[in-house]
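> This is the structure alone, sequence omitted:
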């Protein structure tokens, strides 16, 4: 069974601060996604990382996939109140496996950015 | 394009009652999934389908059944609801079994009393 440990579970910061969310596993994933979810809505895909060591930037968000494809991080620079939400990491498959696109989700990080 | 839609949005059931949740997608995706989301536990996969007429068990399948008679629809059934099935249910679809990118519906909040 593949597990993804996401930390921290809660993050409460002031506008303008930087933050990092971590997603760790002992399993290798073929790809890893980050989703953002707002109250009363479904998760929305932010990014997919596929290659070990890959770094992707989305405006003030930076996503990194670990070299061994077992971990990932999400860094937000100069957080804004609009960044508030639940952030979920999700790993797809394993190297050489047939996963049918099934995802293993972390527990989520609830981020609150205060003005 | 509506993407992924789910009905109903909210439902309250009494223990022992049955119901069906409907998921529909208009993106011609082959793969569809049903998840439940509980506080502090992320999303857990209930059942999934890799194409019309196929279904398979996920991580927490007990107490649920599914059907995929048409490619665009994926139904989740609860035959005899229990309080432990109080949760928010999400349907998702995907075009690729390799990359794993999924598109989610808005969810159904189910309460079983």
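Cool, got the structure. Just so we're clear, the structure is a prediction, and the values are computed from it rather than from any experiment.

> middle-most residue in chain B, spatially?
residue B:34 (2.8 Å; C-alpha atoms, centre = their mean).

> Give the closest residue to the residue of chain A found nearest chain B in space, chain neighbours not counted.
Here the residue of chain A nearest chain B is residue A:92; by C-beta to the nearest C-beta that distance is 2.8 Å. Just so you know, the C-beta spots here come from the backbone N, C-alpha and C atoms, and that holds for glycine as well. Excluding its sequence neighbours, the residue lying closest to residue A:92 (C-beta to C-beta, 6 or more residues apart in numbering or on different chains) is residue B:100, at 2.8 Å.

> just checking, next helix/strand downstream of the helix or strand containing residue B:24?
Here residue B:24, judged by DSSP states H and E, is contained in strand B:19-25. With elements assigned by DSSP H and E, the helix or strand that comes after strand B:19-25 is strand B:31-37.

> Check which helices and strands that next one is in contact with.
Contact here means 3 or more C-beta pairs under 8 Å, 6 or more residues apart in numbering or on different chains; DSSP states H and E; on that basis strand B:31-37 packs against strand B:19-25, strand B:43-49, strand B:73-78, strand B:87-94.

> Same question for the third one: list its buried residues.
Of the residues in strand B:73-78, those buried under the neighbour-count criterion (16 or more other C-beta atoms under 10 Å in any protein chain shown) are B:73-76, B:78.

> In a markdown table: the residues you listed, plus distance to residue B:51.
Formatted as a markdown table, the buried residues of strand B:73-78 follow (distance: C-beta to C-beta, whole Å):
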| residue | distance to residue B:51 |
| --- | --- |
| B:73 | 13 |
| B:74 | 11 |
| B:75 | 15 |
| B:76 | 17 |
| B:78 | 24 |
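
> Pipe these into JSON lines and attach pLDDT and distance to residue A:25 per row.
Shown next, in JSON lines, are these (pLDDT from 0 to 100; distance: C-beta to C-beta, whole Å):
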{"residue": "B:73", "pLDDT": "97", "distance to residue A:25": "33"}
{"residue": "B:74", "pLDDT": "98", "distance to residue A:25": "28"}
{"residue": "B:75", "pLDDT": "98", "distance to residue A:25": "32"}
{"residue": "B:76", "pLDDT": "98", "distance to residue A:25": "28"}
{"residue": "B:78", "pLDDT": "96", "distance to residue A:25": "31"}
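
> which regions of the chain lie under the pLDDT threshold?
This is for chain A. A:1, A:94-100 (pLDDT under 70).

> hm, I was asking about chain B
In chain B, residues with pLDDT under 70: B:1, B:97-99.
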